[in-house]
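S.K.: what follows is a predicted structure for the sequence shown.
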Amino acid sequence: MILPDSILIKRGVILHSTIFEYIDHGKFFVIIGEDEDNYVGLFFINSNINHFNRKQELLEMQYPLLKRDYNFLDYDSFLCCTEITTLNKKRLSDSFSTNETEYKGSLQQDHLDEVLTLVRNSKLFTDEEKEIYFK
């Protein structure tokens with residue numbers, strides 16, 4: 001699927017892709033920001049909270065996404081806001097033409113606002129990361 005001209009890759013966009021070589025299945029993810037080096041920052045959507053993330057500060061960074069709010073989800077899930085993953089913009093753009101990536105929607109504005117407040121106030125991210133990805 002080629003990305004429609006009306007869809008911009010911007011903060012809050014939700015995509016599904018198989019381009020992550022270290023993950024053996026397709027993943028939903030949310031674009032959260034970008035830097036000057038043509039990379040996008042993203043957070044993955046998981047069906048469950050990773051059992052290794054039992055520290056309270058990590059558990060607090062699991063933002064619930066309900067199936068009733070996002071019709072492409074098969075069940076209630078979590079946006080894992082514990083780590084920024086970066087991805088080359090050209091690689092992401094090319095992955096639409098090879099059908100590796102598909103546009104699914106966007107975070108609801110109130111959810112995006114809550115996520116940004118969460119990450120901006122978190123001690124998990126450096127001031128530099130906050131300035132680049134969350135401003």
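M.R.: Looks like it arrived, so ask away. Numbering: from 1, shown residues only.
S.K.: which of the residues in the worst-scoring helix or strand of the chain on mean pLDDT are buried?
M.R.: Each helix and strand of the chain was given a mean pLDDT (mean pLDDT, DSSP states H and E); the minimum falls on helix 56-59 at a mean of 85. Buried residues in helix 56-59, defined by neighbour count with 16 or more other C-beta atoms under 10 Å: Leu58. For glycine as for every other residue, the C-beta is placed from the backbone atoms N, C-alpha and C.
S.K.: check whether Ser122 really touches Met61, as I assumed.
M.R.: Yes - the criterion here is C-beta atoms under 8 Å, and Ser122 meets it with Met61 at 6.3 Å.
S.K.: neighbour count: these two, which is higher?
M.R.: Neighbours were counted for Ser122 and for Met61 using other C-beta atoms under 10 Å; Met61 has more, 23 against 17.
S.K.: any idea how far the residue nearest to the spatial centre of the chain lies from Arg54?
M.R.: Centroid check for the chain by C-alpha atoms, centre = their mean gives Val30 as the closest residue, at 2.3 Å. Counting by C-beta to C-beta, to the nearest Å, the gap between Val30 and Arg54 amounts to 23 Å.
S.K.: repeat that for Asp113.
M.R.: Taking C-beta to C-beta as the measure, Asp113 and Arg54 are separated by 27 Å.
S.K.: in the longest helix along the chain, what's buried?
M.R.: Criterion DSSP state H: the longest helix present in the chain is helix 109-120. Buried residues in helix 109-120, counted by 16+ other C-beta under 10 Å: 111, 115-116, 118-119.
S.K.: reformat these as JSON lines; add distance to Ser95 and pLDDT.
M.R.: JSON lines is the format used below for those (distance: C-beta to C-beta, whole Å; pLDDT from 0 to 100):
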{"residue": "His111", "distance to Ser95": "25", "pLDDT": "98"}
{"residue": "Val115", "distance to Ser95": "24", "pLDDT": "98"}
{"residue": "Leu116", "distance to Ser95": "26", "pLDDT": "97"}
{"residue": "Leu118", "distance to Ser95": "28", "pLDDT": "96"}
{"residue": "Val119", "distance to Ser95": "25", "pLDDT": "97"}
